[in-house]
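**Student:** no FASTA, just this:
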């Protein structure tokens, strides 16, 4: 089980490295790593478990954040309509980005950042991707093509940046001309990959 002590913080060299591609078919070790990432986001969203284990709540976490420099992450997030986007993702590629830009009103957060930040991070409103995504029915990672819009797209882009060694703190701007706020009432306590 991943705990806060297992998550490396801003300044650690792994967080600014481009992560290595995962060899497919996925090894048992890599599968266990991505499953543990997924379990962290699930546990962190359970108030009782989060309190018991002192977990910061979040909707996504990438392998580099636990000092495993491999291209995989997990996300578990609801969009504004309540639809759940729950995925374990390996070797993702963003194949298309919309021109329309958005940002989270209160700014983004990150499990690897323990300080308050000021500024907005530009994200594409919609993306298309391809990745190996865990399929429950077959208990295997299958190549999937998909698209995401709004908050799930923002979460995906945040985690994808971790795989390229990019922290959101390097993309903070006081304003983003032409971009729109993603939510009118975003709560700054909600964080992306915590």
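**Tutor:** Received it, and whenever you're ready, just let me know what you need. Remember, predicted model here, so these are calculated numbers, not experimental data.
**Student:** Outside of the helix ranked longest in the chain itself, list whatever touches it.
**Tutor:** In the chain, assigned by DSSP state H, the helix with the most residues is helix 28-44. Applying C-beta atoms under 8 Å, 6 or more residues apart in numbering, the contact partners of helix 28-44 are 1-2, 22-23, 26, 49-50, 53, 55-63, 66, 68, 70, 72-76, 86, 88-90, 134, 141, 194. From N, CA and C alone the C-beta is placed, and that goes for glycine too.
**Student:** what do you get for stretch 169-184?
**Tutor:** With C-beta under 8 Å, 6+ apart as the criterion, stretch 169-184 contacts 10, 80, 100-105, 107, 110, 113, 117-123, 125, 150-151, 154, 161.
**Student:** Sketch out the low-pLDDT regions of the chain for me.
**Tutor:** Along the chain, segments meeting pLDDT under 70 span 184-194.
**Student:** what's the span of stretch 68-84, first residue to last?
**Tutor:** Terminal residues of stretch 68-84 are spaced 27 Å apart (C-alpha to C-alpha, to the nearest Å).
**Student:** Show the buried residues in the contacts of helix 28-44.
**Tutor:** Neighbour-count burial (16 or more other C-beta atoms under 10 Å) applied to the contacts of helix 28-44 gives 2, 22, 26, 55-63, 66, 68, 70, 72-76, 86, 88-90, 134, 141, 194.
**Student:** Which helix or strand lies directly C-terminal to the longest helix of the chain?
**Tutor:** Next along the chain after helix 28-44, taking DSSP states H and E as the criterion, comes helix 47-53.
**Student:** Can you name the next helix or strand after that following helix?
**Tutor:** Going down the chain from helix 47-53, the next helix or strand is strand 60-62, by DSSP H and E.
**Student:** Show me what that following strand packs onto, helices and strands only.
**Tutor:** The contact analysis (3 or more C-beta pairs under 8 Å, 6 or more residues apart in numbering; DSSP states H and E) places strand 60-62 against helix 28-44, strand 72-78, helix 151-163.
**Student:** which parts of the last one are buried?
**Tutor:** Which is helix 151-163. Neighbour counts over helix 151-163 (16+ other C-beta under 10 Å) mark 151-163 as buried.
**Student:** for stretch 30-50, the distance to its chain's centre please.
**Tutor:** 13 Å (C-alpha atoms, centre = their mean, to the nearest Å).
**Student:** same check, this time on stretch 140-159
**Tutor:** Between the centre of stretch 140-159 and the centre of its chain there are 9 Å (C-alpha atoms, centre = their mean).
**Student:** just stretch 165-185 next, same as before
**Tutor:** Worked out by C-alpha atoms, centre = their mean, stretch 165-185 lies 15 Å from the chain centre.
**Student:** Residue 55 contacts residue 4, correct?
**Tutor:** Yes: shown here, residue 55 and residue 4 form a contact pair, counting by C-beta atoms under 8 Å, at 6.4 Å.
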